[in-house]
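Peer 1: need coordinates for the below:
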Amino acid sequence: MNGVVHVLTADVVGPHAHLARFTVHLRHLPHDPLAVHCDFLSPDGRPTATWVFARALLEEGVHGLAGEGDVRVRAAGTHTELVLRSPSGRCVLYLRTAAVLTYLARTDTWPPAVAECVARAVDELLAGLTTAD
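Peer 2: Below you'll find the model as predicted:
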């Protein structure tokens, strides 16, 4: 099964407070159903950087504030702020909340496949935790 790729335009404020506009792909993959893969694309359409974080951060952040540490998401009127921090600095993406909600709805349409994958991952995790060395 292929993943869901949602194309968005984001206004990005980088470490030096410069505003730029980027095309961003939010990807949801069947083998990693609890994660969002956020690809920044170069002007010619090639991914230049990818951040991976919990899908739950977007679900919570479009309605309030979510996250601690390297990834934070916050509702900001018609936009959703996605703050990414690394040792080299921080950037803030401003995504249209309607586009984020569309992405979340598209990725919510996979219940059987996602449920099976999540169940398998939970079973593996529990087996690993309960297996004595």
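
Peer 1: next, the buried residues of stretch 75-87.
Peer 2: 75, 79, 80, 81, 82, 83, 84 (16 or more other C-beta atoms under 10 Å). For glycine as for every other residue, the C-beta is placed from the backbone atoms N, C-alpha and C.

Peer 1: starting at the chain centroid, how far to that stretch?
Peer 2: Remark: stretch 75-87 is offset 11 Å from the chain centroid, using C-alpha atoms, centre = their mean, to the nearest Å.

Peer 1: ok so, going back, cross the buried residues of stretch 75-87 against strands and list the overlap.
Peer 2: Using DSSP state E, the subset of the buried residues of stretch 75-87 located in strands is 75, 79, 80, 81, 82, 83, 84.

Peer 1: what's across from the fourth one in the sheet?
Peer 2: Following DSSP bridges, residue 81 is listed with bridge partners residue 74, residue 94.

Peer 1: wait, which of the ones in strands among the buried residues of stretch 75-87 is closest to residue 131?
Peer 2: Of all these, the one with the least separation from residue 131 (C-beta to C-beta) is residue 84, at 35.7 Å.

Peer 1: ok, the closest one touching residue 70?
Peer 2: Yes - in terms of C-beta atoms under 8 Å, residue 84 counts as a neighbour of residue 70; the distance is 6.8 Å.
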